[in-house]
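> need coordinates for the following:
(2 chains)
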Amino acid sequence: MDKGLLYSGIGHFGLILWVTIGGFFIRHDDTMDLTVTEVSLVTSAEFEAMQAASPTAPAPQAPQTDVATPTPTLPAEAAPTPPPVEETPPPLTPPPPRPEPVPDAAPEVTETAPVPVPQAPEEPAPPSPVISDEPPILAPTSSTRPRPKPATRVAPVPTEAPAPDAVVDATPAPAVTPEAAPEAQVVEEEKPEAAPEEAGTELATEANKAEPLAPSSSSRPKPRPARRAEVAPVEAPETSGATRDAIAEAVAAAATSSSEASTSQATAPAGPPMTAGEKDGLRVAVQACWNVGSLSSEALRVTVTVAVDLGQDGKPDVGSLTMTEYEGGSDGAARQAFEAARRAVIRCGANGFKLPPEKYEEWRSLELVFNPERMRIK
Amino acid sequence: MTQRSPFGLILALLMIFGAGFAAPTVAQTGPLRIEITEGVIEPLPFAVPNFVAENGAAGEFAADIARVIASDLSGTGLFREIPASAHISRVDSFDAPVAYADWKAINAQALVTGAVSASGDRIVVKFRLFDIFSGQQMGEGLQFVGTPQSWRRMAHKVADAVYSRITGEGGYFDSRVVFVSESGPKNERAKRLAVMDYDGANVQFLTDSSSIVLAPRFSPTGDRILYTSYQSGFPKIYLMDVASVQARALGDQPGTMTFAPRFAPNGRTVVFSLEQGGNSDLYTIDTESGALGRMTNAPSIETAPDYSPDGSSIVFESDRSGTQQIYVMGAGGGEPRRISNGPGRYSTPVWSPRGDLIAFTKQHQGRFHIGVMRTDGSEERLLTASFLDEGPTWAPNGRVVMFSRETAGAAGQSSLYSVDISGRNLRPVASQGAASDPSWSPLLP
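This next block holds a predicted model:
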């Protein structure tokens, strides 16, 4: 074929192809802004009528001025302003005779320390106060959040030992042993009773039975092809003594390294590192159970770091939970903060944290830093 | 103009993506470290099964003690009781092992078990506290010995111990409140001093209603009460011994009126307001020697003083700037420093037992508030708002504030309320009838 004809043909073919489907690959900007103006058709008669009417069209009205409205007088303060009682003690001119401060019932708040002192004879429980119809008013929303106290202070002294009246049992109560895990009982899942055969209005007989769709017979599978004959082992070429030693060392080294690895990684898959999303998932799971509502304000200033080991099922090893460090408070406050953190890990990890099993090596040991800075009294 | 080759761009993209995929292959060293900064604030679920009655005589106390403990803890707003109807396992013996699985199943995070035995005029209450999810006991078991009449105090002591072990701060359940009990119409209201347990039980009256009494205040040891009475026709300060209910006038200066007394932390010195010739200033008096000392000397009204817990400073209210504001000055004298700077009027400042906050009454835009602020006046936080709230007093642990709230109208009356310093858990305090001017005692011995 003539080269010129060939080149011409290819060129024309390409041109046709481009014209035909080129637009498919080239993005056209079809989103041009079009300004659409609504028009209405008027007849020439109507137009002339409008022209004729225009000189006499009424002038646009001036904007109406606002009518002055009476300024509402501010209501007087409804709330009373009772002065502090201490400030305005109304002197009473006729001093009455001083009454004897005879109480109706003598209080028996005694200070005999060791034992809780006996109170007055049992009185009926006082009735609840009469609560007004006024709905309870909660604290205003404009309250500012507290911030940590700038200076350290002495930790509140817990009432560890009872006052002298609290007698610690001479015979310490035996430690309660943890409850033995109950044996798992295999519970037979109840099988539902067989449903009774459905009843119909027609008697099912062979005559009115529908033609089965399945084939009436199936072809037998073909037998497996016979295995190939065993290949005769090829004799290894003779190697020198130095080579054999080197191989033996290499094998031994490989065996050693593999055995070391097997202790830690044989059953622990070491996948790629944890992604930020997976870490966030773990963070969200723990913080859902981190309840700081019952912590003291001092404990809410302590940041504790808790170390914990997880099993491959994502469940925390409770015995491995330890506080590795803390900052921002006393030992007692740190202990309270740690206990809240420990409860969070145990509670939310009871069913195992949702973590990628293939990355077990990455999350088998955790260091969780519980920082309550944002959780202080809100 | 030169055009860039698209291959260069593709190559660059491949390198970027390649680097992105290659980055995670950097091995992690050490344990995975995650910082948790957000938690939840909700009451901690706990369970208090009825205490075990170890003999027949203890049967009447076993359930009541458990109920008082549960009421104390639930009343703080920090704990939520799981009712007995939801309990799976029963505690029939004090030494029986705890069925942690059963308590976990109902999401109990703390469990209080206890037993009561009674013999003659003596009952013994013992308890243990368990952390259910940790599967261990929290602290040692304790037991209290007392008379059958003091069973409520023993229950409060158990609750204090539980509260302290879980929260890390002292309790306030075994304490009392002195207040002004009110009766009668608003324009002819009879007032008398009364004292009750912090939860409103065991109300006892200390004075009769023949004269008006105001502003009672407990001593640091809870054995004496200062108050202001009109029994002489003029307001005078009286000091009452709680055990004997005997009172005597304090600093009775002719031609003066004394009011708004407060004990110093040493329990011996009293600071108060003394009015003479239409001017009020702060004075101190030694309750034993009667020695009088003047602390302020200004033409304005100085009143409602209160000591800091360490006794080094005094907070009080004064109108020296034109309106009621709060000032702090050294206990030995010096120039007062104004700490309230917000809009409105501030009064009745009370220093927290912890020393870190000052509670006050604020009047602004026709409403009254109870609030707290730092001792330098910063971080003001209003806890309540109503027609009339006033007279705050601190719980012994500095976590709760009690105050009196009066309703509007001719039939309005005053009652006691308490609120956590976070502004949560606003609740009425039971008292027999109308009540005002509460003052919280320290923890009882």
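> what mean pLDDT does stretch B:298-316 get?
Stretch B:298-316 carries an average pLDDT of 95.
> does that stretch reach chain A?
Yes - against chain A, stretch B:298-316 shows contacts by C-beta under 8 Å from any C-beta of the partner chain at B:301, B:303-304. (C-beta placed from N, C-alpha, C; glycine too.)
> span of that stretch from start to end?
13 Å (C-alpha to C-alpha, to the nearest Å).
> in that stretch, which residues are buried?
Within stretch B:298-316, the residues scored as buried using 16 or more other C-beta atoms under 10 Å in any protein chain shown are B:301-309, B:313-316.
> widest-spaced pair of those residues?
Farthest apart among the buried residues of stretch B:298-316 by C-beta to C-beta are B:301 and B:309. That separation is 25.8 Å.
> so, low pLDDT: which residues of chain A?
Filtered on pLDDT under 70, chain A yields the residue ranges A:1, A:22-47, A:50-244, A:246-248, A:250-271, A:377-378.
> where along the stretch 101-250 of chain B do the helices fall?
Listed in chain order, the helices of the stretch 101-250 of chain B (DSSP state H, counting those that start in this stretch) span B:151-167.
> read off the pLDDT value for the residue of it found nearest chain A.
Per C-beta to the nearest C-beta, residue B:233 is where the stretch 101-250 of chain B lies closest to chain A, at 2.7 Å. At residue B:233, the model reports a pLDDT of 87.
> burial check on it, number of neighbours?
15 (other C-beta atoms under 10 Å in any protein chain shown).
> repeat that for the one 3 residues further on.
Residue neighbour count, defined by other C-beta under 10 Å, stands at 22 for residue B:236.
> quick one, what contacts it?
Applying C-beta atoms under 8 Å, 6 or more residues apart in numbering or on different chains to residue B:236 gives the contacts B:228-230, B:249-250, B:252, B:257-258.
> can you narrow the residues you listed down to the ones near chain A?
B:228, B:230, B:257.
> out of those residues, which are buried?
Buried by 16+ other C-beta under 10 Å: B:228, B:230, B:257, out of the ones next to chain A among the contacts of residue B:236.
> what's the closest of those to residue B:366?
For those, the nearest to residue B:366 is residue B:228 (27.8 Å; C-beta to C-beta).
> buried set for whichever strand or helix holds residue A:332?
Using DSSP states H and E, residue A:332 maps to helix A:331-348. Within helix A:331-348, the residues scored as buried using 16+ other C-beta under 10 Å are A:332-348.
> cool, and stretch B:169-186?
Neighbour count says stretch B:169-186 has B:169-182 buried, by 16+ other C-beta under 10 Å.
> so that stretch, near chain A or not?
Yes - Stretch B:169-186 is in contact with chain A by C-beta under 8 Å from any C-beta, via B:169-171, B:176.
> ignoring the adjacent residues along the chain, who's closest to residue B:404?
residue B:436 (3.9 Å; C-beta to C-beta, 6 or more residues apart in numbering or on different chains).
> got the contact list for the helix or strand where the one you found lies?
Element membership for residue B:436, per DSSP H and E: strand B:434-440. Strand B:434-440 has contacts (C-beta under 8 Å, 6+ apart) with A:129-130, B:172, B:175-183, B:194, B:198, B:214-218, B:225, B:391, B:393-396, B:402-404, B:406, B:413-416, B:429.
> and if you look at stretch B:291-302?
A:87, B:251, B:253, B:271, B:273, B:279-285, B:305, B:314, B:316-320, B:329, B:333, B:336.
> now, those that are in strands?
B:271, B:273, B:279-285, B:305, B:314, B:316-318, B:329 (DSSP state E).
> from the residues you listed, which is closest to residue B:131?
Nearest to residue B:131 among the ones in strands among the contacts of stretch B:291-302, with distances taken as C-beta to C-beta, is residue B:314, at 43.3 Å.
> stretch A:347-364: which residues count as buried?
So, applying 16+ other C-beta under 10 Å, buried residues of stretch A:347-364: A:347-349, A:353, A:355-356, A:359-364.
> from these, which are also near chain B?
Checking the buried residues of stretch A:347-364 against chain B (C-beta under 8 Å from any C-beta), the matches are A:347, A:362-363.
> hmm, stretch B:365-380 touching chain A?
Yes - applying C-beta under 8 Å from any C-beta, one finds stretch B:365-380 touching chain A at B:366-369, B:374, B:379-380.
> could I get those residues as CSV with pLDDT, neighbour count and secondary structure?
Formatted as CSV, the residues of stretch B:365-380 next to chain A follow (pLDDT from 0 to 100; neighbours: other C-beta atoms under 10 Å in any protein chain shown; DSSP: H, G, I helix; E, B strand; the rest coil):
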residue, pLDDT, neighbour count, secondary structure
B:366, 92, 13, coil
B:367, 95, 20, strand
B:368, 96, 25, strand
B:369, 96, 25, strand
B:374, 95, 17, strand
B:379, 92, 15, coil
B:380, 95, 21, coil
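> pull the most distant pair out of the residues you listed.
B:366 and B:374 (26.5 Å).
> so residue A:295 touches residue A:336, yeah?
Yes - with contact defined as C-beta atoms under 8 Å, residue A:295 counts as touching residue A:336 (5.9 Å).
> find residues that contact each of the two.
Joint contacts of residue A:295 and residue A:336 (C-beta under 8 Å, 6+ apart) are B:167-168.
> hmm, back to that, mind listing which of the contacts of residue B:236 are in strands?
B:228-229, B:249-250, B:257-258.
> can you tell me which of the buried residues of stretch A:347-364 are in helices?
In helices, judged by DSSP state H, the following of the buried residues of stretch A:347-364 are found: A:347-348, A:360-363.
> let me know the closest of those to residue A:20.
Among these, residue A:362 lies closest to residue A:20 (C-beta to C-beta), at 54.9 Å.
> for residue A:320, see how far away the closest one is.
17 Å (C-beta to C-beta, to the nearest Å).
> before we move on, the earlier item: let's have the buried residues of stretch A:347-364 in CSV, adding distance to residue B:385.
CSV is the format used below for the buried residues of stretch A:347-364 (distance: C-beta to C-beta, whole Å):
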residue, distance to residue B:385
A:347, 37
A:348, 38
A:349, 43
A:353, 44
A:355, 48
A:356, 51
A:359, 53
A:360, 55
A:361, 57
A:362, 52
A:363, 49
A:364, 53
